[in-house]
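S.K.: I would like to see how this sequence folds:
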Amino acid sequence: MSHRCAVTVLFLSLGIAAYGCSSQEIESAATGATRAPGVSSAPAAPAPGVAESLAASVQSAGPTLSPQDLPTPVPLTADDWPQFRGARRDGIADARGLLRSWPAEGPEVLWQVAVGQGYAAPVAVDGKVYFNDYDESAGQWMVRCLSLETGDELWRYSVAKRIRPNHGITRTMPATDGGFVVAIDPKCEIHCLDARNGAKIWSLALPQTFDAQIPPWYNGQCPLLENDRVIVATGGKALLVALDKATGKVLWQTPNEADAAMSHSSIMPATIDGVKQYLYTTLDALVGVADDDGRLLWRFPWKFNVAVPTSPVCLDDGRVLLTSCYQAPTGMCQVKREGEQWVATELYQLPPTGWNSEVHTPIVHRGYLFGVGKKRRGLWTCLNLDGSERWTSDRKASFGLGGYVLADGMFFVLDGNTGQLRLIDAQADQYVELASAKVLEGPDAWAPPVISRGRLLVRDLKQLVCLNVAGPAAPAETASQSAAATP
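M.R.: Numbers count the residues shown, from 1 in each chain. Below you'll find the predicted structure:
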């Protein structure tokens, strides 16, 4: 079956002012240092007609930071991993000079910290690690900030939320530019924090503001932070919204004419036929939304049976890969502009017995797709762009629902069942394992690994572990300089 879909939509954006919230004093568990609360000023008034829903969305009617007190983003480097799937959202780190082998016991463990149950991977910018966490005994959802060098906790931001474990609790990554940290908690409230001290700048509850429905297994979406905007999918009254990073004010919102619910997919930026847009998979379609004003450019029907589609993968020529599990097919469409209209055409759809991914979004490398498939215990698989298999790790290794990252011509892939880390040659035309070691206790080591400054960050349900994977020629503190010098 094939189909074409062309949609053109005009949209007038609606502005909604957001309230900021004052911070409480935050004491570092590691150092005992007290972080100063935020600076006060009067909250802005909400726009007419939306005051009631906006007020309900704000957890505490607090002050905003004055412009001179707002944090300043830091210049990102090749060593930073600022958000879901990295700076380009492609799952590829720019690190160079990494270890290509290690002893039987694995890479050196630099530090490890206890975490609450979940699959929330960290982000790392400017030598700091940020991640979502949950304290079951206290009933508090948290954003924690650690030193990448030592693992010492620098600050934590906590909110009282009673959340029942359901295949873990936390499962998403924050986004940061080194000045602002933006996170979405399991019950779909956005929290914008000062990266210096964890002070709350603003928050916005999507269920109260947009009538968003909390997905099964809680929120699975990672926010997109681009320049001065936060882009998230809401469902309910809107499809996607763009928020001002400093205030939480709604800059534009996409009408949700199909009444799509929020899925676990994260928004992916793409440029197709010269037009910047945001791609998102709902439960029944892939959509493209204009980045300048939020208008819906096109909609491609594609049925997902539950709320867990992975994020769409857009190739340079406008082809987009879709994959999920629970009997939903893997397939690809071609998106292109024809005059003033956008057209999305199905290229192929794999049968239910074909390859698919339940948790992680595949990585495109050397013109092929790489990822852990759901079937046959989670084989590491190299696929042609038409969805056919080139080779797998069959009879050599399986990975359950483990995550992966590509760096320096190698895939770092976790066995989600056992915590075994395998280093796979990304340049080979078959499965070639360079090194292997058990680095986590497991089970359910489902979080994607993260690389920053020659450190590999991995976690399971109990521990976040920092491993030294920098090679002798590229120490962690000079890895970016070495990469810049490489011809």
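
S.K.: show me where the stretch 301-450 of the chain has strands.
M.R.: 313-314, 319-322, 331-338, 341-349, 363-365, 368-372, 380-383, 389-392, 404-407, 410-414, 420-425, 433-438, 450-452 (DSSP state E, counting those that start in this stretch).

S.K.: mind listing the strands the first one pairs with, and their directions?
M.R.: What that stands for is strand 313-314. strand 319-322 (antiparallel) (DSSP bridges).

S.K.: from one end of stretch 329-343 to the other, what's the distance?
M.R.: 21 Å (CA to CA, to the nearest Å).

S.K.: Thr209 should be in a helix, yeah?
M.R.: Yes - with DSSP: H, G, I helix; E, B strand; the rest coil as the criterion, Thr209 is located in a helix.

S.K.: tell me which of the strands of the stretch 301-450 of the chain sits nearest to Val181.
M.R.: strand 450-452 (15.1 Å; CB to CB). To be clear about C-beta, it is placed using only N, CA and C from the backbone, and glycine gets the same treatment.

S.K.: would you tell me what the next helix or strand after the closest one is?
M.R.: Where DSSP states H and E defines the elements, the next helix or strand beyond strand 450-452 is strand 455-459.

S.K.: and that following strand, what's buried?
M.R.: 455-459 (16 or more other CB atoms under 10 Å).

S.K.: with stretch 153-167 instead?
M.R.: Quick answer for stretch 153-167 (16+ other CB under 10 Å): 153-159, 161, 163.

S.K.: in strands, which of those appear?
M.R.: 153-159 (DSSP state E).

S.K.: widest-spaced pair of those residues?
M.R.: Leu154 and Val159 (18.2 Å).

S.K.: now do Gly220 against His191, distance only.
M.R.: 17 Å (CB to CB, to the nearest Å).

S.K.: looking at the two, which has the bigger crowd around it?
M.R.: His191 (26 against 21; other CB atoms under 10 Å).

S.K.: which of the buried residues of stretch 153-167 lies closest to Val113?
M.R.: Closest to Val113, out of all of the buried residues of stretch 153-167 and judged by CB to CB, is Glu153, at 7.5 Å.

S.K.: thought the closest one was touching Arg144?
M.R.: Yes - the pair Glu153 / Arg144 is scored as a contact, 6.3 Å apart, by CB atoms under 8 Å.

S.K.: give me the pLDDT value at Arg459.
M.R.: Per-residue pLDDT puts Arg459 at 97.

S.K.: quick check: bridge partners of it?
M.R.: Beta-bridge partners, per DSSP bridges, of Arg459: Leu464.

S.K.: nearest residue to the residue nearest the centre of the chain in space, please, no chain neighbours.
M.R.: Here the mean C-alpha position of the chain is nearest to the C-alpha of Phe84 (CA atoms, centre = their mean), at a distance of 2.7 Å. Leaving aside its sequence neighbours, Phe84 sits nearest to Cys222 (CB to CB, 6 or more residues apart in numbering; 3.6 Å).

S.K.: so what's the one you found up against?
M.R.: 83-84, 172-175, 184, 266 (CB atoms under 8 Å, 6 or more residues apart in numbering).

S.K.: and the helices in the chain, which stretches?
M.R.: 51-57, 206-210, 479-485 (DSSP state H).

S.K.: helices and strands around the shortest one, which ones?
M.R.: Meaning helix 206-210. Under the contact criterion of 3 or more CB pairs under 8 Å, 6 or more residues apart in numbering; DSSP states H and E, helix 206-210 touches helix 51-57, strand 229-235.

S.K.: point out where the stretch 351-487 of the chain drops to low pLDDT.
M.R.: Filtered on pLDDT under 70, the stretch 351-487 of the chain yields the residue ranges 473-487.

S.K.: please repeat the previous calculation with a cut-off of 80.
M.R.: 352, 374-377, 473-487 (pLDDT under 80).

S.K.: which one of the buried residues of strand 455-459 is nearest Ala290?
M.R.: Leu457 (34.7 Å).

S.K.: make sure the closest one is actually in contact with Gln463.
M.R.: No - using CB under 8 Å, Leu457 is not in contact with Gln463; the gap is 11.0 Å.

S.K.: which of the helices and strands packed on helix 206-210 has the lowest average pLDDT?
M.R.: helix 51-57 (a mean of 39).

S.K.: quick one on the thing from earlier: tell me which two of the buried residues of stretch 153-167 sit farthest apart.
M.R.: Greatest spatial distance among the buried residues of stretch 153-167 (CB to CB): Leu154 and Ile163, at 24.4 Å.
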